[in-house]
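[1] Sequence and predicted structure are below.
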Amino acid sequence: MSRTTSDVKTGTLPPGVERRRRLRQERRRDRMIQLWRLTVFGSTATALGWLLITQGWTLRSTEQVQVSGSERLGTEAVVEAAQLSFPLSLLSLQPSEMENRLVKTLPVQAAVVQRRLLPPGLTVQLEDRRPVAAARRQGSTGVEQGMVDSRGHWMARTDAAHGEEPETGIQVIGWTPAQRQPLEILLKQRDQLGSALQTIEIAADGSLSVRTAGLGLVQLGTDPRLLDQQLITLRQLSRSLPDELRRRSGTSLDLSDPSKPELQMPIQPKADTTPPAKTSER
């Protein structure tokens, strides 16, 4: 009987076969150990992540909200306008939605909201809307009193609770959103017209007119494409128009066509030249 047959009968294997069997067992044991380690590490990481999300990345008070960029608005105003309630998970907060809410609620032109994970917090950058002129418009319930900012946007008077009165004495009469862009141009160039701008009036048909201290009433018409040239002509006339013409009561300047400005004078009543009736004397 051969040796191999005797080894099998006695339960022993050749050295090469036995070595391969041990190697397979060791590799199987190593894989089990690695799988156990991965399971433990994965479970630990998941638990820590859940703990960090639910407990670590959480706003617990207003002290974790940092507001900058505004001279008038602070943390309390931002928290109230954004309707934040504590505790609040940072990951549940949507910065874009909060930005839109702040712009609609507060007197600001822009808002940038950023979440900070380490340490947990919220950073809010604001750009103030400053009222430049008093304004009024026709609303659903009648005439509404308000203000406009430097970009021509309407500001309700309730916004003044967070700010101040208009920085100029200019009056905007008949504000409409359709004329916001020409209004913005007029307000930005208000100090470059040759004389102080007093009123900006928007008629029902959309036509613009302004009143300045030096020229009185100036009609600009309805074509916003001519506005830049109209303002150039307005500056030139502020310097060149004789005082005796600009100071006459009832005089107005028509710049609807800035290449052909027209000075409109009030019609003077004709003098009565009818000779007095003769009376007879007796």
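    Done, it's in.

[2] residues in contact with stretch 79-96?
    With contact meaning Cβ atoms under 8 Å, 6 or more residues apart in numbering, stretch 79-96 is reached by 53-54, 57-62, 65, 98, 101-102, 105-106, 113-115, 117, 120, 122. The C-beta positions use only the backbone N, C-alpha and C, and glycine is treated the same way.

[3] 6 Å instead?
    Here stretch 79-96 makes contact (Cβ atoms under 6 Å, 6 or more residues apart in numbering) with 57-62, 98, 101-102, 105-106, 113, 115, 120.

[4] Just the buried residues from the residues you listed, in PyMOL please.
    Buried members of the contacts of stretch 79-96, defined by 16 or more other Cβ atoms under 10 Å, are picked up in PyMOL with:
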select buried, resi 57+58+59+98+101+102+105+106+113+115+120
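
[5] so which of the contacts of stretch 79-96 comes closest to A213?
    Distance to A213, by Cβ to Cβ, is smallest for L106 among the contacts of stretch 79-96, at 34.6 Å.

[6] Next up, the contacts around the closest one.
    Counting by Cβ under 6 Å, 6+ apart, L106 touches A81.

[7] And G221, by the same measure?
    G221 neighbours (Cβ under 6 Å, 6+ apart): S207, S256.

[8] could you redo the last one with a cut-off of 10 Å?
    For G221, the contacting residues are G206, S207, L208, S209, L227, Q230, D254, L255, S256, D257, P258, by Cβ atoms under 10 Å, 6 or more residues apart in numbering.

[9] Doesn't the fourth one lie inside a strand?
    Yes. With the criterion set as DSSP: H, G, I helix; E, B strand; the rest coil, the secondary structure at S209 is a strand.

[10] What is the nearest of the contacts of stretch 79-96 to G152?
    Nearest to G152 among the contacts of stretch 79-96, counting by Cβ to Cβ, is L106 at 18.5 Å.

[11] Can you show me the helices along the stretch 151-282 of the chain?
    Under the criterion DSSP state H, counting those that start in this stretch, helices of the stretch 151-282 of the chain are mapped to 180-188, 227-240, 243-246.

[12] would you turn those helices into JSON lines with mean neighbour count and mean pLDDT?
    Below are the helices of the stretch 151-282 of the chain laid out as JSON lines (neighbours: other Cβ atoms under 10 Å; pLDDT from 0 to 100):
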{"stretch": "helix 180-188", "mean neighbour count": "17", "mean pLDDT": "96"}
{"stretch": "helix 227-240", "mean neighbour count": "16", "mean pLDDT": "93"}
{"stretch": "helix 243-246", "mean neighbour count": "12", "mean pLDDT": "71"}
